[in-house]
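Peer 1: Return atomic coordinates for the entry below.
(2 chains)
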Amino acid sequence: MNVISLSAQDLSIAAVLVLALAGFSFRMRLGLGGQILVAAIRTTVQLLLVGLVLRIVFASNEPIWIFLAGSIMILAAGREVMARQSRGLKGWSGFGIGVGSIFLSSVAVLLLTLIAIVQADPWYTPRYAIPLLGMLAGNTMTGIALSMNTLTLAVWQNRVIIEQRLLLGQDRVQAIADLRSEGMRAGMIPSINAMATAGIVSLPGMMTGQILAGSPVLEAVKYQILIMFTITATTGFGILLALRFVAWRLFDERHRLHLEYLAPMK
Amino acid sequence: MSLFSVDALFYWSEQKESFSFEIERSFCAGMTGPSGSGKTLLLRALADLDPHQGRVFLNGRECSNWSAPDWRRRVAMLPAESQWWLPTVGEHFDEIDENLFQQMGFNRDTLSWGISRLSSGERQRLALLRLLTNMPPVLLLDEPTRSLDPENVDRVESLIAGYRERTQAAVLWITHDDNQAKRVAQTRFYLKDGYLEEKSEQ
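Peer 2: Residues are numbered from 1 along each chain as shown, chains lettered A, B, ... in the order given. Below is the predicted model:
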């Protein structure tokens, strides 16, 4: 693999573009200039820091570092799920459900991918494990956040209907079955769209990166397909788990709806 | 043994005393009382839709020994305002009893009606028919004739009386109308300020 190394100078040419855009925003009073600059600085600093950390983790090959990095990623994803709810669950249960379902589904799919598909030696080789986990957890996080938000809002809006259905003898699963599919759909649409339009509308970012970094195109394509399949599966199973947990939280064992566990509207 | 009995029920913080009462097979108990006296909350507790203390029995078997959905199919509550979640009437019915439909002024065509074109009275009568498809041995009715004209009030009253005779069901009927309570019920309760009093038989 021969990678054309990028120098600081090369990157500063790209940075000039962003600066120019921010300049236009100031002149046209769009009010975006500050945000663009802050975001650009954050990207630079965050990615450089992550790069330093990953270099250490990759070099050490110690399972404990991989475990630590993975835990931080999943906890951050759980926090993000909670922050994106317009009316989530009260207290820590939203965070717990986010972390729990992201953890279960992404770690299960990650292990399967590393051990049965990629077969690196050792199987936990961090340069495969960490980026894979990042992509799985990141996409699952988005899906779960959308699904939970859709379900909790729908339960609130349909609370009277849900109780009517319970009164007619439906159980808690039947009483919110259609709301749950609505939530599932909301969370799955990004993954399904990504699969359906991959390569037609745009080249997926990971594949682009691999090609730019010098990988043979077909290798990049195969990895991209692997990533898309595993992302879709992880997102789907993660959402199923999260919605099941939310439903358990909102009903008691006597199939009563408990709206007091919903947080107030943000 | 009474079909439906309530022992030391305590269901609501403003309630002053615990309630105990029984309804015999094929009897109807009427319940009146000012708004805000907790009548609807009482029905919700009896249907086990709200947490409560005390024990409620159907046929001598306590509520907690039934699964909640099984209990609610048998101790069936008709809420004051019915809800419909699918586009047409028919989608809310597993099976229909054509006689009962006709008795209420409907027929098979009614099943294809859209929910949005139903009047509030039609919704109320259809909600009662929907509730009866489960053949519940106990009916908890929250003002079942509230938005009905006199002709339909008669229809509902005789439909429920017929159902009671045919299936020996016990009925708890909340109403604001004392005359209706006298017409439909053999026992009458008055609920006020968290106290339940039984009115003497006429």
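Peer 1: helix, strand or coil for residue 181?
Peer 2: Because you didn't say which chain, this covers chain A. helix (DSSP: H, G, I helix; E, B strand; the rest coil).
Peer 1: sorry, should have said chain B
Peer 2: Here residue B:181 is helix, with the state taken from three-state DSSP.
Peer 1: surely it meets residue B:175?
Peer 2: Yes - if you go by C-beta atoms under 8 Å, residue B:181 and residue B:175 touch, sitting 5.4 Å apart. C-beta here means a position set from N, CA and C on the backbone, and glycine is covered the same way.
Peer 1: what touches both of those two?
Peer 2: Each of B:30, B:31, B:32 lies in contact with both residue B:181 and residue B:175 under the rule C-beta atoms under 8 Å, 6 or more residues apart in numbering or on different chains.
Peer 1: Quick one: mean pLDDT for stretch A:91-109?
Peer 2: Taken as a whole, stretch A:91-109 has an average pLDDT of 95.
Peer 1: With stretch B:99-114 instead?
Peer 2: Per-residue confidence for stretch B:99-114 averages out to 95 on the pLDDT scale.
Peer 1: residues in chain B within reach of chain A, list them.
Peer 2: Proximity of chain B to chain A is assessed by C-beta under 8 Å from any C-beta of the partner chain, with B:47-51, B:67-70, B:72-73, B:76-77, B:79, B:81-83, B:85, B:130-131, B:134 identified as the residues in range.
Peer 1: For ChimeraX, write a command that selects the buried ones of the residues you listed.
Peer 2: The buried subset of these, as determined by 16 or more other C-beta atoms under 10 Å in any protein chain shown, is captured in ChimeraX by this line:
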select /B:47,48,49,50,68,69,72,73,76,77,79,82,83,85,130,131
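Peer 1: Now do the strands in chain B.
Peer 2: Counting by DSSP state E, chain B has these strands, from start to end: B:4-10, B:19-23, B:28-32, B:53-58, B:61-62, B:75-78, B:138-142, B:170-174, B:187-192, B:195-199.
Peer 1: So which of those is nearest residue A:161?
Peer 2: strand B:75-78 (14.9 Å; C-beta to C-beta).
Peer 1: Relative to the closest one, what are the paired strands and their orientations?
Peer 2: With DSSP bridges as the criterion, the sheet partners recorded for strand B:75-78 are strand B:138-142 (parallel).
Peer 1: now the angle between strand B:53-58 and the strand it pairs with, please.
Peer 2: Between the direction of strand B:138-142 and that of strand B:53-58, the angle (axes from the mean of the first three to the mean of the last three C-alpha atoms, to 10 degrees) works out to 120 degrees.
Peer 1: Quick one: distance of strand B:138-142 to the chain centre.
Peer 2: Remark: strand B:138-142 is offset 1 Å from the chain centroid, using C-alpha atoms, centre = their mean, to the nearest Å.
Peer 1: Equivalent analysis for stretch B:126-137, please.
Peer 2: Its chain's C-alpha centre lies 10 Å from the corresponding centre of stretch B:126-137 when counted by C-alpha atoms, centre = their mean.
Peer 1: pull the CA atoms of it into CSV?
Peer 2: Extracted C-alpha coordinates of stretch B:126-137, given in CSV (Å, rounded to 0.1, in the frame of the first residue of the first chain):
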residue,chain,number,x,y,z
LEU,B,126,-70.8,0.9,19.3
ALA,B,127,-68.3,0.9,22.2
LEU,B,128,-70.9,-1.0,24.2
LEU,B,129,-71.4,-3.5,21.5
ARG,B,130,-67.6,-3.9,21.2
LEU,B,131,-67.3,-4.4,25.0
LEU,B,132,-70.0,-7.1,24.9
THR,B,133,-68.2,-9.2,22.3
ASN,B,134,-65.9,-10.4,25.1
MET,B,135,-69.1,-11.7,26.9
PRO,B,136,-68.0,-10.2,30.2
PRO,B,137,-69.7,-11.6,33.4
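Peer 1: got the contact list for it?
Peer 2: In this structure, residues lying in contact with stretch B:126-137 by C-beta under 8 Å, 6+ apart are A:168-169, B:3-4, B:58-59, B:73-76, B:78-79, B:82, B:89, B:92-97, B:100-101, B:104, B:106, B:110, B:118, B:139, B:144, B:156, B:159-160, B:163, B:167-170.
Peer 1: Among those, name the buried ones.
Peer 2: Buried among the contacts of stretch B:126-137 by 16+ other C-beta under 10 Å: A:168-169, B:3-4, B:58, B:73-76, B:78-79, B:82, B:89, B:92-93, B:96, B:100-101, B:104, B:106, B:110, B:118, B:139, B:144, B:156, B:159-160, B:163, B:169-170.
Peer 1: Any figure for the gap between the residue of chain A positioned farthest from its centre and chain B?
Peer 2: For chain A, the C-alpha farthest from the mean C-alpha position belongs to residue A:168; by C-alpha atoms, centre = their mean, that distance is 38.4 Å. Noted for residue A:168: a distance of 7 Å to chain B, by C-beta to the nearest C-beta, to the nearest Å.
Peer 1: isn't that residue right up against residue B:72?
Peer 2: Yes - under the criterion of C-beta under 8 Å, residue A:168 lies in contact with residue B:72, with a separation of 7.3 Å.
Peer 1: other SSEs contacting the longest helix anywhere in chain A?
Peer 2: Residue-count comparison of every helix in chain A, with assignments taken from DSSP state H, identifies helix A:217-250 as the longest. If contacts are counted by 3 or more C-beta pairs under 8 Å, 6 or more residues apart in numbering or on different chains; DSSP states H and E, helix A:217-250 sits against helix A:93-112, helix A:126-157, helix A:177-197, helix A:205-212.
Peer 1: mind running it again at 10 Å?
Peer 2: Counting contacts by 3 or more C-beta pairs under 10 Å, 6 or more residues apart in numbering or on different chains; DSSP states H and E, the secondary-structure elements packed against helix A:217-250 are helix A:63-83, helix A:93-112, helix A:126-157, helix A:172-175, helix A:177-197, helix A:205-212.
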